[in-house]
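with the sequence up front, the predicted model follows.
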Amino acid sequence: MRLFVAVTPPSSALAELADATALLHALPDAGRLRWAAPDTWHFTLAFLGEVDEGLLPELTERLGRAAHRHPAHELWLARGGRFGDRVLWAGAEGDVGVLGELARSAAAGARRAGAGVDESRAFHPHLTLARATGRVSLRPYAEALADFRGSPFRVGRLELVRSRLPGSGVPGERPRYETLAAWDLRT
Ligand code: ATP
Ligand code: MG
């Protein structure tokens, strides 16, 4: 099964960002981007890819331990950015260092449980808003979010999420995320 480890902002924070992105949908070419639905926005802390179901007990054990080692902390959604002209995202500010430590622990725990997690790339907290094929410049979209600052919220929970990629062939169908387990951070 395809798995990733994530943190999900509260719906109030996602609603603020959704309001801010409403303007982006009016930009030219917005219809050529594949937009992620606000109720699916999340921070991916570690991407595990295909994981054998038999690894789940040890994986959940190790992720739970990783969660309990790091304190609950505060973030706010802020600014837009892009990975080239492929991915448009919203960033975060606040205790991003704590979030980064949590991400490192989650990746290390998953690797020790036998998941083939990629720990080579630096952690860059972001919520993916839209994906493009490369023929649309994402610069104006990122710039339109430059002044966005959301309200602070508490990050208190780490989640293990299953992703089911679109399989039905229905155009525009999005992957389905399902939270398999969640742990409170240290309080
Ligand atoms: P789609 O692949 O259809 O665009 P998706 O990216 O949301 O949808 P997944 O590919 O299952 O669904 O990814 C789940 C999460 O993991 C997303 O946040 C995605 O950005 C992230 N992710 C996917 N692949 C990688 C990767 N190779 N490295 C880091 N993060 C990844
Ligand atoms: Mg993907």
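Noted; the coordinates are in hand. Ligands and ions are numbered 1, 2, ... in the order given.

which positions in the helix or strand encompassing residue 12 come out as buried?
Residue 12 belongs to helix 11-22 when assigned by DSSP states H and E. Within helix 11-22, the residues scored as buried using 16 or more other CB atoms under 10 Å are 13, 14, 16, 17, 20, 21. Where C-beta positions appear, they are placed from N, C-alpha and C, glycine not excepted.

just give the closest residue to the residue nearest to the spatial centre of the chain, not the sequence neighbours.
Closest to where the C-alpha atoms of the chain average out (CA atoms, centre = their mean) is residue 43, at 2.3 Å. Take residue 43 and drop its neighbours on the chain: the residue closest to it by CB to CB, 6 or more residues apart in numbering is residue 7, 4.5 Å away.

and the one you found, what is it in contact with?
42, 43, 45, 99, 102, 155, 157, 158, 159 (CB atoms under 8 Å, 6 or more residues apart in numbering).

give me the subset of the residues you listed lying in strands.
Among the contacts of residue 7, DSSP state E puts 43, 45, 155, 157, 158, 159 in strands.

so the residue of the chain most remote from its centre is in which element?
Distance from the C-alpha centroid of the chain, by CA atoms, centre = their mean, peaks at residue 28 (26.0 Å). In the assignment (DSSP H and E), residue 28 maps to no helix and no strand.

same check, this time on residue 78
strand 73-83.

residue 59 and residue 113 touch, don't they?
Yes. With contact defined as CB atoms under 8 Å, residue 59 counts as touching residue 113 (4.2 Å).

distance-wise, check residue 60 relative to residue 22.
Taking CB to CB, to the nearest Å as the measure, residue 60 falls 38 Å from residue 22.

ignore the last one, residue 101
With CB to CB as the criterion, residue 101 and residue 22 are 34 Å apart.

and residue 107, which helix or strand is it part of?
Residue 107 belongs to helix 96-112 when assigned by DSSP H and E.

go on, residue 5?
Per DSSP H and E: strand 2-7 holds residue 5.

tell me if that strand is near ligand 1.
Yes. Against ligand 1, strand 2-7 shows contacts by CB under 6 Å from any ligand atom at 2, 4.

that strand to helix 96-112, inter-axis angle?
With axes from the mean of the first three to the mean of the last three CA atoms, to 10 degrees applied, the angle from strand 2-7 to helix 96-112 works out at 150 degrees.

neighbours of residue 179, how many?
13 (other CB atoms under 10 Å).

who's it bridged to?
On the basis of DSSP bridges, residue 179 is bridged to residue 161.

that one: what's it in contact with?
159, 160, 161, 162 are the contacts of residue 179 under CB under 8 Å, 6+ apart.

again with residue 81
Counted by CB under 8 Å, 6+ apart, residue 81 has contacts 88, 89, 90, 91, 126, 142.
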